[in-house]
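A.B. asks: when you get a sec, could you give me coordinates for this:
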Amino acid sequence: MTAALTPEKSEMPDGPHLPSKIATNSATSLRSIARAYVDQVRGGELGALPAVLGLVVLCAFFAVLRPVFLSELNFANLLTQGAGSIAIAMGLVFVLLLGEIDLSAGYASGVCAAVLAILLTDHGWPWYGAVGAAILTGTVIGLLLGVLVAKVGIPSFVVTLAAFLGFQGIVLMLLREGTNISIQDKTILAVANNNLSPALGWVLLALSVAGYAAIQFRQNRNRARRGLATAPLALLAVRIGTLAVLGAAAVQLLNQERSRNVIVDSLKGVPIVVPVIVVLLVAGTFVLQRTSFGLHFYAVGGNAEAARRAGINVAAIRIAAFVICSSLAAVGGIIAASRGNSVDPNTGGSNVLLLAVGAAVIGGTSLFGGRGRAVDAVLGGMVVAVIQNGMGLMGYSSGVKYAVTGSVLLVAAGVDALSRRRSAQR
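C.D. replies: Reported below is the predicted structural model:
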């Protein structure tokens, strides 16, 4: 049982791994790889496929009805609009992997954002000290929630629902019953409002592609050394080439001038918040799919009792999940404060939690535990952002947006349930 939990042997992560039906030599054709993937999908292992297809269909739909949807300015708005929810959703992935839920993540981000604003404005702290304090606040919140769930034994739904209500009161107390605190720090404001230089955008893309290629080849070499299945060079070329082409298209589009009055202000380059999300994505992916600590989340979510018998500290993993969730909620709160240029009682409230949970589930993370990846939060977050943005361009009211987003979330949960049933039957 213990051997099944090691990174080299495990297939628990719902990540991009090579199907076992594929041969291990370089002569393996892309056709056989595609055939194996189709068999995998038929068996109920859908992964992020529904989210990717949904994203493509939605983008095509809104582009036809509102051509401005594909403009450089709107594309940049899409990326910044969904960044806060994506950061929170990445943290929720860790909790959902265990079959738990955190209903307080939205207002936890509001508490952390309030701490940031108060330290910056009222106490004159430097931005790095205020950011550190905000993230530390999130860590303490997660630790408290995790202990109540893992050690005391209170169901996560009850604990986080109580925290959801309590944190609303804490935000009001911190903001003196509703005061709006403006943020003047240029570094914090730059996170969601400024852009990288065009040249730096290309440099970051080159480094990202090179890093991804190095990881892919290193993983193949390590698997070959241990006698495990390896991906053929053709598949690696497709993966790396796809990332390079899509990344280059995005950078080229974002490097175009987006300002309506260049004399007043110039808007071009990749938004700064994009590399922030990329760093969180790389870190989350590495932890979940390349470390034994990350694999323990899948083991506990799949079967907590079996994980305990294998020597995994189940309580510690549960606590860690809530700590990571609330810490990333703090990052989401910082992004929201930057985008809004201020913090008020609505920061982290309203539909923030619903959109974050929806992003994780729509992206492919299972509500039943044991299945999910950090990239699911990004894909699902973009789907939600596209729906909100596209329907806004078409002039629909907030009520219609909520109804459509809720319907998409229901469909995603239904697909998850059906795919699990299909997988169990096979």
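A.B. asks: buried ones in the strand or helix carrying Thr242?
C.D. replies: Per DSSP states H and E: Thr242 is located in helix 233-254. Under the neighbour-count criterion of 16 or more other CB atoms under 10 Å, helix 233-254 has Leu235, Leu236, Ile240, Leu243, Ala244, Gly247, Ala250, Val251, Leu254 buried. C-beta coordinates here come from the backbone N, C-alpha and C atoms, glycine included.
A.B. asks: and the least confident of those?
C.D. replies: Across those, the bottom pLDDT score, 81, is held by Leu235.
A.B. asks: and for the residue nearest to that one when sequence neighbours are not counted, the neighbour number?
C.D. replies: Leaving aside its chain neighbours, Leu235 sits nearest to Ile33 (5.7 Å; criterion: CB to CB, 6 or more residues apart in numbering). Neighbour count of Ile33, defined by other CB atoms under 10 Å: 20.
A.B. asks: where's Ile33 relative to Ala214, distance?
C.D. replies: In this view, Ile33 and Ala214 are 22 Å apart by CB to CB, to the nearest Å.
A.B. asks: kindly report the same for Ile335.
C.D. replies: Taking CB to CB, one finds Ile335 at 29 Å from Ala214.
A.B. asks: go on, Val384?
C.D. replies: According to CB to CB, Val384 stands 32 Å off from Ala214.
A.B. asks: which residues touch Leu145?
C.D. replies: Asp102, Ser104, Ser156, Val159, Thr160, Ala163, Phe322, Ser326 (CB atoms under 8 Å, 6 or more residues apart in numbering).
A.B. asks: against Ala133, how distant is it?
C.D. replies: From Leu145 over to Ala133 (counting by CB to CB), the distance is 19 Å.
A.B. asks: tell me which element the residue most central in space within the chain is part of?
C.D. replies: Of all residues in the chain, the one closest to the mean position by CA atoms, centre = their mean is Ala377, 2.9 Å from it. Element membership for Ala377, per DSSP H and E: helix 374-393.
A.B. asks: which neighbouring elements make contact with that helix?
C.D. replies: Here helix 374-393 touches helix 49-65, helix 72-97, helix 273-290, helix 352-363, helix 398-425, going by 3 or more CB pairs under 8 Å, 6 or more residues apart in numbering; DSSP states H and E.
A.B. asks: now the third one - C-alpha only, CSV.
C.D. replies: Listed next in CSV are the C-alpha coordinates belonging to helix 273-290 (Å, rounded to 0.1, in the frame of the first residue of the first chain):
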residue,chain,number,x,y,z
VAL,A,273,-1.2,39.7,-12.3
VAL,A,274,-0.7,37.0,-15.0
PRO,A,275,2.8,36.0,-13.9
VAL,A,276,1.5,36.0,-10.3
ILE,A,277,-1.1,33.4,-11.2
VAL,A,278,1.5,31.5,-13.2
VAL,A,279,3.8,31.3,-10.2
LEU,A,280,0.9,30.0,-8.0
LEU,A,281,0.0,27.5,-10.7
VAL,A,282,3.5,26.1,-11.1
ALA,A,283,3.9,25.9,-7.3
GLY,A,284,0.5,24.2,-6.8
THR,A,285,1.2,21.7,-9.7
PHE,A,286,4.6,20.9,-8.3
VAL,A,287,3.3,20.3,-4.8
LEU,A,288,0.4,18.1,-5.9
GLN,A,289,2.0,16.1,-8.6
ARG,A,290,5.7,16.0,-7.8
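A.B. asks: now do it and helix 374-393, the angle between them.
C.D. replies: Put simply, helix 273-290 runs at 150 degrees to helix 374-393, going by axes from the mean of the first three to the mean of the last three CA atoms, to 10 degrees.
A.B. asks: tell me which residues of the helix or strand just after helix 273-290 are tucked away?
C.D. replies: Next helix or strand after helix 273-290 toward the C-terminus (DSSP H and E): helix 292-302. Going by neighbour count (16+ other CB under 10 Å), the buried part of helix 292-302 is Gly294, Leu295, His296, Phe297, Tyr298, Ala299, Val300, Gly301, Gly302.
A.B. asks: from Val411, how far off is Thr105?
C.D. replies: Not quite, residue 105 is Ala, not Thr. On the measure of CB to CB, Ala105 and Val411 end up 23 Å apart.
A.B. asks: compare those two (neighbour count), which wins?
C.D. replies: For Ala105 versus Val411, the count of surrounding residues by other CB under 10 Å is larger for Ala105: 34 against 13.
A.B. asks: quick one, what contacts the more buried one?
C.D. replies: Ile88, Gly91, Leu92, Thr160, Cys325, Ser326, Ala329, Leu353, Ala356.
A.B. asks: what's the neighbour count on the last one?
C.D. replies: For Ala356, the neighbour count with other CB under 10 Å is 31.
A.B. asks: next helix or strand past the host helix or strand of Ile118?
C.D. replies: In the assignment (DSSP H and E), Ile118 maps to helix 105-121. Using DSSP H and E, the helix or strand that follows helix 105-121 in sequence is helix 127-147.
A.B. asks: pull the CA atoms of that following helix into CSV?
C.D. replies: Taking C-alpha atoms only, helix 127-147 is exported to CSV below (Å, rounded to 0.1, in the frame of the first residue of the first chain):
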residue,chain,number,x,y,z
TRP,A,127,4.1,46.9,1.1
TYR,A,128,6.1,43.8,1.7
GLY,A,129,5.4,43.9,5.4
ALA,A,130,1.7,44.4,4.9
VAL,A,131,1.5,41.6,2.3
GLY,A,132,3.4,39.3,4.7
ALA,A,133,1.0,40.1,7.5
ALA,A,134,-2.1,39.6,5.3
ILE,A,135,-0.8,36.1,4.2
LEU,A,136,0.1,35.3,7.8
THR,A,137,-3.5,36.2,8.8
GLY,A,138,-4.8,33.8,6.2
THR,A,139,-2.4,31.1,7.5
VAL,A,140,-3.7,31.5,11.0
ILE,A,141,-7.3,31.4,9.8
GLY,A,142,-6.6,28.2,8.0
LEU,A,143,-4.8,26.7,10.9
LEU,A,144,-7.8,27.4,13.2
LEU,A,145,-10.3,26.0,10.7
GLY,A,146,-8.2,22.9,10.1
VAL,A,147,-7.8,22.1,13.8
